[in-house]
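> Dropping a prediction and its sequence here:
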Amino acid sequence: MILYWDSSSLIAALIAGHQPKGVTRTHTLAEVFSTLTGKGIETAAGRQRLYPDDAAALLSNLPRLKFVDLTPGEALKALESAESHGVRGGLVHDWLHVQAAHNAKADLILTENTQHFRTLTKVPLETFEGKFTR
């Protein structure tokens, strides 16, 4: 089974100490870094932000994750079809994740934003918690 990791589920996995296995886009690293060092993550002690060096170190420890990227042509084709799929603004990031998941022939997309993804793909969706903590 090929699991595709959206940045939101990758963050959930890293917080849980889980070693993710599957595929994602290289841009996911930037999305995760941005969240960890920007708005941070919710912890029992409140919202915590990581220092950039700590976030980078956390991301460098993902040996079981493979990266699949869109070619410039594939990305442009996806953007040209965005309007017909109701994609505007920040939803474009999820749209490009969906395109990469399709290219990787993913059997399941892991995302904490199932509501956003549901309108963009027929690939089954699940949250990190739903998949790994039952």
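Sure thing, it's come through. Residues are numbered from 1 along each chain as shown.
> Give me the residue ranges of this structure where confidence is low.
By pLDDT under 70, the weakly predicted segments of the chain are 134.
> hmm, 90 instead?
For the chain, the stretches flagged by pLDDT under 90 are 15-17, 41-46, 60-64, 116, 131-134.
> pull the longest helix from it.
helix 91-103 (DSSP state H).
> so what secondary structure elements neighbour the very next helix or strand once past that helix?
As assigned by DSSP states H and E, the chain's next helix or strand after helix 91-103 is strand 108-110. Counting contacts by 3 or more Cβ pairs under 8 Å, 6 or more residues apart in numbering; DSSP states H and E, strand 108-110 is packed against strand 3-5, helix 91-103, strand 125-126, helix 128-132. C-beta coordinates here come from the backbone N, C-alpha and C atoms, glycine included.
> so can I have JSON lines of the ones you listed showing distance to His27 and mean neighbour count?
As requested, the helices and strands packed on strand 108-110 are exported to JSON lines (distance: least, Cβ to Cβ, whole Å; neighbours: other Cβ atoms under 10 Å):
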{"stretch": "strand 3-5", "distance to His27": "12", "mean neighbour count": "25"}
{"stretch": "helix 91-103", "distance to His27": "7", "mean neighbour count": "21"}
{"stretch": "strand 125-126", "distance to His27": "19", "mean neighbour count": "19"}
{"stretch": "helix 128-132", "distance to His27": "19", "mean neighbour count": "16"}
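> on that earlier part again, and the longest helix of the chain, how far out from the chain's middle?
9 Å (Cα atoms, centre = their mean, to the nearest Å).
> start the count at 30, not 1, going forward
Got it, the first residue is 30 from now on, which makes the last one we talked about helix 120-132.
> for it, packing partners?
strand 32-34, strand 51-53, helix 56-66, helix 101-109, strand 137-139, helix 143-147.
> Tell me what angle it forms with helix 56-66.
140 degrees (axes from the mean of the first three to the mean of the last three Cα atoms, to 10 degrees).
> give me the number of residues near the residue lying closest to Arg78 once chain neighbours are set aside?
Spatial nearest neighbour of Arg78, chain neighbours left out: Gly69 (3.6 Å); criterion: Cβ to Cβ, 6 or more residues apart in numbering. Neighbourhood size, Gly69 [other Cβ atoms under 10 Å]: 13.
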